[in-house]
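Undergrad: Dropping a prediction and its sequence here:
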Amino acid sequence: MLQQELLSRTSLETQKLDLLTEVSELKLKLVGMEKEQREQEEKQRKAESVLNVISELQEQMCRLQMDIHRQIQERLLLSRDHPEEVAASSCVAEPQPCSQNCAPWEGSPELLQELKHLKIKVEELENERNQYEWKLKATKAEVAQLQEQVALKDAEI
């Protein structure tokens, strides 16, 4: 009888140790998943800030394109009315250097090409952000499942 109690007690202790080990493993996995989730959120914040910068650049590109178009139109009108003034002013007026060390824009085709390039980049970043959001949702679901498992194992213990 005493031997059966000892075996039963030993078996229960073994089960308890197994459950504690499993709970510890689940807690470690949960911590790892939470860390991964924080990293994903940080990447998403960075992607959003890049998208904001790109959006601002697109707005600047549009303004530059409109300014260049307006200046071209003004010069065309001037050249029709006073061709000698346009020739004199084009010799005197030199473009101001860009304060941000960017390449000077020489005309609309380059602006349009750059704008198209930026739009493609924005689409790529939005796709990447969507992927991060999907991964984040999946990670959150897995974290919730692991938390439930930990709670069940704690209740069993």
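TA: Right, received. Where do you want to start? Numbers count the residues shown, from 1 in each chain.

Undergrad: got a list of what Leu111 touches?
TA: Contacts here follow CB atoms under 8 Å, 6 or more residues apart in numbering; on that basis Leu111 touches Met61, Leu64, Gln65, Ile68, Trp105. Placement of C-beta: from N, CA and C, glycine included.

Undergrad: Where does it sit, in terms of helix or strand?
TA: Following DSSP states H and E, one finds Leu111 within helix 108-156.

Undergrad: Figure out how far that helix is from the centre of its chain.
TA: 8 Å (CA atoms, centre = their mean, to the nearest Å).

Undergrad: Met33 and Glu142 touch, don't they?
TA: Yes - Met33 lies in contact with Glu142 (CB atoms under 8 Å); the separation is 6.0 Å.

Undergrad: Comparing those two, which shows the higher neighbour count?
TA: Between Met33 and Glu142, Met33 has the larger neighbour count (other CB atoms under 10 Å), namely 18 against 15.

Undergrad: That one: which element?
TA: Here Met33 is assigned to helix 2-81, by DSSP H and E.

Undergrad: Packing partners of that helix?
TA: helix 83-92, helix 108-156 (3 or more CB pairs under 8 Å, 6 or more residues apart in numbering; DSSP states H and E).

Undergrad: mind checking which of the ones you listed is nearest Arg9?
TA: Nearest to Arg9, of all the helices and strands packed on helix 2-81, is helix 108-156, at 17.4 Å by CB to CB.

Undergrad: Give me the angle between that closest one and helix 2-81.
TA: 170 degrees (axes from the mean of the first three to the mean of the last three CA atoms, to 10 degrees).

Undergrad: re earlier: out of the contacts of Leu111, give me the two with the largest separation.
TA: Met61 and Ile68 (10.5 Å).

Undergrad: quick one: low-confidence parts of the protein?
TA: 82-108 (pLDDT under 70).
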